[in-house]
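Q: could you work out the structure for the sequence below:
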Amino acid sequence: MREHIREWRQSGYRGVTSRVTRDLLTHWFANPERASHQKLFFAQQEAIETAIWLNELAERSNAGTHILTQLRQRHATAGDDPADQLPRLAFKMATGSGKTVVMACLILYHYLNRREYRNDTRYCDYFLVVAPGITIRDRLKVLIPDPRHESPQDAQDYYRQRYLLPPAYRAALGELAHRLIVTHYHEFLPRQLSGNKKTPFDGKLDEAGNKVRHCEDEHLILRRVLGRFKSGRRLLVINDEAHHCYLPRAKGKDTELDNSETENERAAIWFSGIRAVAQRFKLRAVYDLSATPYYLSGSGYPAYSLFPWTVSDFGLIEAIESGLVKIPFLPVDDSSHAIDEPILKNLYEHCKGELPRKGQRKLRKDAEDDAPATEAAPHLPGIVRSALEQFYAHYEEYERGQRKQGELRADMFTAPPVFIVVCNNTTVSREVFKEIAGYERMDEHGQTTIVPGRLPLFSNFDVHTGRPLDRPPTLLIDSDALEHSGQIDESFKKVFAPEIERFKRDYRQRHPDRSIEQLTDADLLREVVNTVGKPDTLGAHIRCVVSVSMLTEGWDANTVTHVMGLRAFGSQLLCEQVAGRALRRRHYLIDPKTGKFPPEYAHIIGVPFKLFKAGQSSAVDAPEYATLRALPERASLEIRFPNLVGYRLETDSSALKADFSATPDYFIDTTRQPLETILGTAVSGDTQTLRARLEDLRDQQVLYTLTKEYLLRVHDEKQRHDLRLFQQVKTIVGQWYEQKLKLKGETDPLYKRLIIYDDPQPIVESINRGIVAHAAETERVLPILNHYNPLGTTAHVFGHTSKKTWPTKKSHINLVVADTDAWEQIAAKTLERIPAVESYVKNAFLGFAIPYIQGGKEREYLPDYLVRIRHANGETANLILEITGFNKDKELKRWAVRERWLPAVNNMRQKLGLAPWHFAEITDIDDIKPALERIVGDIVAEIDARAADTALMHAQLHSLARIWDNEDDEIWNDL
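A: You can find the predicted model right below:
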């Protein structure tokens with residue numbers, strides 16, 4: 001269809017025989033005056049063009065005839081009875097893409113053509129619009145022409161408001177109101193007859209044990225619903241949210257979308273009503289419009305498959321890409337150990353066992369006989385409270401951003417952003433409502449206290465005084481709340497008297513056959529939720545809505561920015577409908593700089609919504625394999641490692657160490673040493689200050705000075721020029737500086753730098769007391785490298801595995817292989833999130849092994865991970881990471897790593913061109929994240945120290961160069 005419509009559009013709509021049709025197409029899609037009005041979206045244009053092409057041109061072309069034949073075959077799938085084969089056309093249009101405008105255009109197309117060509121059977125005499133409920137039915141009243149207002153600014157109908165009616169046809173619109181009925185499918189249900197029409201059998205039991213009721217027959221139902229339409233005339237039916245209208249093949253239940261009745265029952269009632277209409281009228285076409293025209297599970301058809309008569313498809317992905325709806329933000333990662341998806345992506349699955357179950361609250365009927373009801377503290381799992389707190393914090397930040405932008409235009413954000421929570425039953429919704437909005441609590445003495453909501457902007461009580469707010473920002477709306485919530489009380493009616501009066505006035509105009517005296521508190525509550533985000537209405541002030549299932553569809557608030565799901569989602573249909581509540585755009589103002597709509601955002605948690613549906617494959621016996629390989633685009637993440645086949649030992653007798661455990665502390669008494677001196681004069685009040693500028697010193701400078709003093713007083717001239725000895729002494733001096741140097745009078749470590757001004761002799765004596773020379777020879781380990789392959793690399797990794805894998809971002813290799821119950825994957829996820837981790841690789845198909853001897857035989861130990869850590873200064877370090885623990889030979893493997901492999905490699909790392917190597921093991925799965933952060937933090941700290949040592953060495957070499965250049969004996973003596 002899309003190909004045919006594109007060709008027809010590009011041809012200038014060649015073949016159109018109706019002048020009215022050409023006038024409408026030109027006005028809608030080619031009129032330059034529409035530049036000053038809201039242009040029709042491509043989704044709307046394609047749907048309208050498709051319906052017109054099928055109605056006027058399809059029968060006159062081979063391609064059209066073929067398509068019409070296919071449609072008749074698809075209609076036959078609805079049932080074997082010819083009466084079940086309705087002439088249906090389905091238009092899939094995502095939420096927010098403008099279905100109501102398409103309805104208005106199609107009604108105008110048929111109505112205006114019928115006025116011009118009364119005998120042309122292609123055009124319809126009457127129009128029936130069917131909605132799934134009262135809310136949507138009332139919203140579709142914009143399809144009924146408003147005779148009170150002629151100007152587009154004041155008109156309440158879309159024909160004038162959206163500039164859909166060409167000026168030449170304005171006088172023709174008046175009669176349409178008498179040829180159009182907007183209703184909902186419940187009107188097709190037979191009503192019980194009253195008065196004298198009762199039969200003697202009323203109230204008796206039939207064979208099945210049910211009471212006999214005298215109800216309307218099909219003829220009476222149609223006369224009630226379509227009373228002013230003349231039978232036998234041409235009729236067009238438009239179904240809004242048409243996924244509720246089909247003939248079920250099965251009696252299975254699918255309560256996913258509604259907790260009170262099965263979807264199959266709803267679908268059967270709706271379809272049966274349309275079928276009865278088709279028997280009394282010439283049903284020209286049934287236009288099904290829906291964002292999700294799918295068969296539901298339990299219907300007898302393939303679950304969630306498209307209606308086979310779908311002729312136009314503009315889904316949610318297209319709507320997002322084209323900017324017609326808000327951009328959704330969904331959880332994609334978190335800091336937990338969840339591997340498959342973030343916890344907040346499907347919150348209900350992680351807390352459903354802890355949620356209160358339906359029916360746990362006392363029956364309302366029992367509570368009515370007691371004193372005024374008070375509430376206990378809300379009972380919600382900690383994970384739900386945490387999610388609410390985090391999401392609310394984001395809501396606050398988002399609103400602050402909106403307010404900041406709104407300063408440019410004062411009228412842009414008159415209504416607050418809306419936060420909705422969709423729960424699994426009325427018990428849970430009540431608990432969430434108490435948590436968010438607050439509640440009244442009665443103690444054991446009968447005293448009632450107010451507990452404000454935990455989220456200040458959503459609390460219905462003043463968080464400081466506890467008094468109820470005049471305009472409560474949070475609304476509870478479910479089947480129980482509609483009747484018994486008490487949210488519509490006398491104070492509410494008093495505060496909202498102007499809005500209630502306005503609602504009654506509009507209600508009287510919309511329903512002249514009904515009395516406003518029959519309006520109930522439930523009707524007012526429905527009006528509150530139906531007008532959320534609309535100025536000067538009962539719902540204009542609402543910030544938060546807590547509901548069960550009534551928000552899955554038919555709610556067109558465009559101010560929703562945050563949606564939290566706390567219920568099961570068995571299908572992507574329900575996910576899309578719930579997420580769709582937040583996707584309707586707030587504004588359709590073109591940015592003059594880009595010529596496009598500026599982006600708007602929606603934030604969704606707890607709804608496992610997938611924007612892209614994965615394909616399905618048939619089951620096979622062979623296991624599925626994943627391919628591990630090095631990615632060329634990640635060459636910068638390559639990790640190189642030495643291939644050792646053994647070790648050799650050398651001796652070194654020049655090492656020093658220190659033990660200060662028995663050395664007395666060395667104190668700096670700041671009370672006896674002036675840190676600041678003020679200079680003044682007797683002839684004026686001016687002063688000057690002398691101050692020890694300790695902030696200009698660095699600790700490394702102080703350590704360098706103390707090391708120089710120590711070498712000068714303790715070692716001979718030859719040893720003073722031994723840079724390796726200098727580094728050892730400096731390390732010991734740093735240890736003394738940290739452990740033994742104490743302050744009196746001050747606590748800021750900055751004042752330790754005052755040591756540089758003290759007498760060097762007692763300092764050197766204190767340091768020297770802790771130094772002990774190594775008298776005995778110590779072993780030095782060196783590596784024996786593989787002769788043919790001394791260095792390994794991640795660049796050569798390639799292999800296939802049937803084990804579970806996890807995708808990577810910081811690894812040269814595309815996947816991580818899980819050898820145990822997801823431990824390695826949790827570790828990989830944690831490594832991805834630690835900033836200091838530059839790269840890592842799972843030891844699979846890598847060839848990395850640590851040799852050791854067990855029972856006189858050579859063995860190899862294969863650690864889990866190699867990790868490269870990069871410091872902010874650019875220096876790196878390598879880490880061997882063991883996650884699951886050693887399976888066997890634990891002590892031998894641990895000794896081989898710590899006492900042989902690490903010292904061997906690190907003793908020759910500079911020759912090999914490698915960074916220092918470290919080793920760590922984690923055996924507690926619950927400790928992976930904090931343990932890894934500690935390990936990486938320690939390595940980074942060591943890099944810091946090594947960087948300072950390098951800077952010192954450069955300074956020494958610079959000093960030596962100056963000595964050689966100047967041949968200054970005095971500098972030699974000082975050194």
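Q: so who does residue 432 touch?
A: Applying CB atoms under 8 Å, 6 or more residues apart in numbering, one finds that residue 432 lies in contact with 378, 380, 384, 388, 421, 423, 546, 566. C-beta coordinates here come from the backbone N, C-alpha and C atoms, glycine included.
Q: list the ones among the residues you listed that fall in helices.
A: With helices taken from DSSP state H, the overlap with those comprises 384, 388.
Q: between the contacts of residue 432, which is nearest residue 188?
A: The closest of the contacts of residue 432 to residue 188 turns out to be residue 423 (CB to CB; 30.5 Å).
Q: and the gap between residue 917 and residue 39?
A: According to CB to CB, to the nearest Å, residue 917 stands 64 Å off from residue 39.
Q: these two: which has the busier surroundings?
A: Neighbour tally, residue 917 and residue 39, criterion other CB atoms under 10 Å: the higher count belongs to residue 917, 20 against 16.
Q: does the spatially closest residue to the more buried one that is not a sequence neighbour count as helix, strand or coil?
A: Excluding its sequence neighbours, the residue lying closest to residue 917 (CB to CB, 6 or more residues apart in numbering) is residue 878, at 4.7 Å. Assigned with DSSP: H, G, I helix; E, B strand; the rest coil, residue 878 falls in the strand class.
Q: which residues does residue 878 contact?
A: So residue 878 contacts 639, 641, 866-869, 914-918 (CB under 8 Å, 6+ apart).
Q: among the residues you listed, which are in strands?
A: Those of those mapping onto strands are 641, 866-869, 917-918, per DSSP state E.
Q: let's have those residues in CSV, adding distance to residue 462 and pLDDT.
A: Formatted as CSV, the ones in strands among the contacts of residue 878 follow (distance: CB to CB, whole Å; pLDDT from 0 to 100):
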residue, distance to residue 462, pLDDT
641, 64, 95
866, 58, 96
867, 53, 96
868, 55, 95
869, 51, 94
917, 61, 94
918, 56, 95
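Q: and the furthest pair within the residues you listed?
A: 641 and 869 (14.3 Å).
Q: who has more neighbours out of these two?
A: A direct count of neighbours by other CB under 10 Å for residue 641 and residue 869 places residue 869 higher, at 26 against 21.
Q: residue 544 is in contact with residue 458, correct?
A: Yes. Using CB atoms under 8 Å, residue 458 is in contact with residue 544, at 4.4 Å.
Q: hey, where'd the helices end up in the stretch 451-600 of the chain?
A: 481-484, 490-495, 497-510, 521-530, 572-580 (DSSP state H, counting those that start in this stretch).
Q: same check, this time on the stretch 601-750 of the chain
A: Ranges of helices within the stretch 601-750 of the chain are 699-714, 717-720, 723-739, based on DSSP H, counting those that start in this stretch.
Q: could I get the ones you listed as CSV with mean pLDDT and mean neighbour count?
A: CSV is the format used below for the helices of the stretch 601-750 of the chain (pLDDT from 0 to 100; neighbours: other CB atoms under 10 Å):
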stretch, mean pLDDT, mean neighbour count
helix 699-714, 82, 18
helix 717-720, 52, 12
helix 723-739, 85, 18
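Q: dump these to CSV, plus distance to residue 936.
A: Output for the helices of the stretch 601-750 of the chain, formatted as CSV (distance: least, CB to CB, whole Å):
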stretch, distance to residue 936
helix 699-714, 23
helix 717-720, 37
helix 723-739, 22
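Q: out of those, flag the one nearest residue 118.
A: Checking these against residue 118 by CB to CB gives helix 699-714 as the closest, at 97.9 Å.
Q: can you classify residue 838 by secondary structure?
A: With three-state DSSP as the basis, residue 838 sits in strand.
Q: distance check, it against residue 704.
A: 31 Å.
Q: can you give me the buried ones in stretch 518-535?
A: 521, 523-534 (16 or more other CB atoms under 10 Å).
Q: and the residues you listed, which two are furthest apart?
A: 521 and 533 (21.8 Å).
Q: what's next to stretch 170-184, contact-wise?
A: 107, 111-112, 115, 125-134, 136-137, 140-141, 143-145, 147, 150, 159, 165, 225-226, 228-229.
Q: tell me which residues touch residue 558, please.
A: Applying CB under 8 Å, 6+ apart, we find residue 558 in contact with 533, 584-586.
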